[in-house]
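>>> Any chance you could fold what I've pasted below:
(one chain, ligands or ions: 1)
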Amino acid sequence: MSITPSSAGVSGKSVVITGAAGGIGHALAVRFSAAGANITVNDVDHAGARNVANEVGGTAVIADCATEDGVTALIAGATEAYGRVDVYIANAGVPGIGDVSASEEAWRLALEVNLMAHVRAARLLVPVWLEQGGGRFIITASAAGLLSMPGAAPYAASKHAAVAFAEWLSMTYRDRGIVVQAICPQAVRTRMLGGMGALTEIAERTGTLSPTEVAEEVYDAILDDRFLILPHPDVHRFYVNRATDTDRWLKTMNSLAHPTSDE
Ligand SMILES: NC(=O)c1ccc[n+]([C@@H]2O[C@H](COP(=O)([O-])OP(=O)(O)OC[C@H]3O[C@@H](n4cnc5c(N)ncnc54)[C@H](O)[C@@H]3O)[C@@H](O)[C@H]2O)c1
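As a prediction, this is how the structure comes out:
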């Protein structure tokens, strides 16, 4: 296999991917493994994580990456297998569907998995990376973390928080060798999208991508260290609209949330 500059970027590196039993995490494991990385596959889905680890010749660590114990076991497992962690892809997520009446439990779960998992991983990794001269922290947030998501208040708020935490990490540590990136896709054809009921149609309106297409975009972004990874190009335009005319943007979002209402 010829070595391209991009494959040189992760070849021999230790890459941890959470939520990698299927969907985007699985596709990332396949892409980074093809480029020569050593992959630690994490998930709470035992069989799925083991299957993906076998497929990519990696190591499976079954753990809840959102808990302190789980993320500690995950980083210890990757370090035992490959000596260090060079790249951490905080990809595991939960859908967080619901409106103002979403339960305490729905909010707690969304905030734990979509935000606090990243905080807990960074707490362990950043001090080590500062010592060893660098590292890469990639968060699979969502376009919902830049824009929003009709019908999914816990998801939208927790993904905004994930992007905010990624920005904070980047602005604080970018001068010390720590690269932080946020993946913000719209609809991707995975188990999560399939389980979103009526929301699936709204999410799909601007076109769906395969997990493999998203993984390819992430892989390209390793080359230039860009903070925002936007596999759906329209997201950039929507994000600009939100910033430049927030009220008009909110009115458009309102019509998405209530498509039959008279505006
Ligand atoms: N599918 C989409 O349309 C879409 C769009 C934007 C962002 N995302 C984000 O992409 C990421 C991956 O989701 P996906 O679409 O591939 O869905 P998916 O359901 O296929 O993958 C999510 C994985 O995370 C695992 N997981 C959940 N909680 C966990 C925990 N606490 N510890 C370890 N593993 C855990 C699940 O078991 C599952 O295998 C999520 O963060 C999701 O929010 C998805």
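>>> residues in contact with the helix or strand containing residue 223?
Assessed by DSSP states H and E, residue 223 sits inside helix 211-224. Under the contact criterion Cβ atoms under 8 Å, 6 or more residues apart in numbering, helix 211-224 has outside partners 5-6, 9-10, 23-24, 26-28, 30-32, 35, 136, 138, 181, 183, 185, 188-190, 229-231. The way it works is simple: take the backbone N, C-alpha and C, and place the C-beta from them, glycine included.
>>> what's the helix or strand for residue 167?
Secondary structure from DSSP H and E places residue 167 in helix 153-173.
>>> quick one: that helix near the ligand?
No - residues of helix 153-173 contacting the ligand under Cβ under 6 Å from any ligand atom: none, with a closest distance of 6.8 Å.
>>> Please report the distance of the nearest residue to residue 64 once chain neighbours are set aside from residue 96.
Closest residue to residue 64 in three dimensions, ignoring its sequence neighbours and counting by Cβ to Cβ, 6 or more residues apart in numbering: residue 70, at 3.9 Å. Distance of residue 70 to residue 96, computed by Cβ to Cβ, to the nearest Å: 19 Å.
>>> just residue 208 next, same as before
For residue 208, the distance to residue 96 (Cβ to Cβ) stands at 20 Å.
>>> which one of the two has more residues nearby?
Neighbour count, other Cβ atoms under 10 Å: between residue 208 and residue 96, residue 96 has more, with 23 against 17.
>>> phi, psi of the more buried one?
Residue 96 adopts backbone torsions of phi 60, psi 50, taken as degrees, to the nearest 10.
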